[in-house]
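Visitor: Could you look at this predicted model? Sequence included:
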Amino acid sequence: MIKDKIKNINRYSINEYFDEFKENFRDLNSLPTKLNPPFKAIPLEYETGSLDFLKFENHIKYIDIHLMVDGREIIGLSEELSLDNLTEYDVENDFQLFRGQAMEEIALHQGEFLLLFPGEIHVTGGKFVENEIVKKIVYKVPFNRLNREKIGN
């Protein structure tokens with residue numbers, strides 16, 4: 001897990017895919033919402049509330065990069081050993097749901113990103129004091145140096 005300000009994203013080098021992904025961030029005032037495979041960008045807007053402990057999620061093939069455009073939220077983190085499986089792993093969508101309690105909570109503010117590696121199970125959308133509207137982009141970046149056929153490109 002890495003949490004930092006968006007302006008510092010170029011400090012990090014994780015793998016060749018992440019280095020290629022960072023090329024999209026030449027201008028932080030115009031964040032990309034569409035990317036070419038193998039990368040994905042998912043723009044989101046929602047109201048925060050109580051953390052939904054039935055929506056912990058995990059990914060295996062992709063790194064999640066939660067980039068907060070506007071607002072703030074609490075993100076809950078836990079370990080698989082302390083959670084109950086709700087779904088089987090969906091290979092096509094790189095997604096599995098769990099139920100349980102957060103072992104740790106992290107605040108994500110406007111202008112920050114949270115990078116979550118496979119196995120860092122998380123739930124998003126937690127409020128600070130009151131509910132508020134959050135605008136963010138979740139980027140998906142391949143984790144392993146698998147050949148591109150395995151990750152859909």
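Guide: Looks like it arrived, so ask away. Numbers count the residues shown, from 1 in each chain.

Visitor: Just the pLDDT at residue 144, thanks.
Guide: The per-residue pLDDT reported for residue 144 equals 79.

Visitor: Am I right that it is in contact with residue 61?
Guide: Yes. Between residue 144 and residue 61 there is a contact at 7.3 Å, judged by CB atoms under 8 Å. All C-beta atoms are positioned from the backbone trio N, CA, C, and that covers glycine.

Visitor: With neighbour numbers in mind, choose between these two.
Guide: Higher neighbour count among residue 144 and residue 61: residue 61, with 19 against 14, using other CB atoms under 10 Å.

Visitor: Now do the SS call for residue 17.
Guide: Assigned by DSSP: H, G, I helix; E, B strand; the rest coil, the conformation of residue 17 is helix.

Visitor: how close does it get to residue 32?
Guide: For residue 17, the distance to residue 32 equals 15 Å [CB to CB, to the nearest Å].

Visitor: Identify each buried residue in stretch 15-28, please.
Guide: 17-18, 21-22, 24-25 (16 or more other CB atoms under 10 Å).

Visitor: Save those residues as a markdown table, and put in pLDDT too.
Guide: Output for the buried residues of stretch 15-28, formatted as a markdown table (pLDDT from 0 to 100):
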| residue | pLDDT |
| --- | --- |
| 17 | 94 |
| 18 | 93 |
| 21 | 90 |
| 22 | 89 |
| 24 | 81 |
| 25 | 75 |
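
Visitor: As a markdown table, those with distance to residue 107 would be great.
Guide: Shown next, in a markdown table, are the buried residues of stretch 15-28 (distance: CB to CB, whole Å):
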| residue | distance to residue 107 |
| --- | --- |
| 17 | 27 |
| 18 | 24 |
| 21 | 24 |
| 22 | 24 |
| 24 | 25 |
| 25 | 22 |
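
Visitor: How far does the helix or strand bottoming out on mean pLDDT in the chain sit from its chain's centre?
Guide: In the chain, the helix or strand scored least confidently by mean pLDDT, DSSP states H and E is helix 16-22, which has a mean of 92. Taking CA atoms, centre = their mean, to the nearest Å, one finds the center of helix 16-22 at 16 Å from the center of the full chain.
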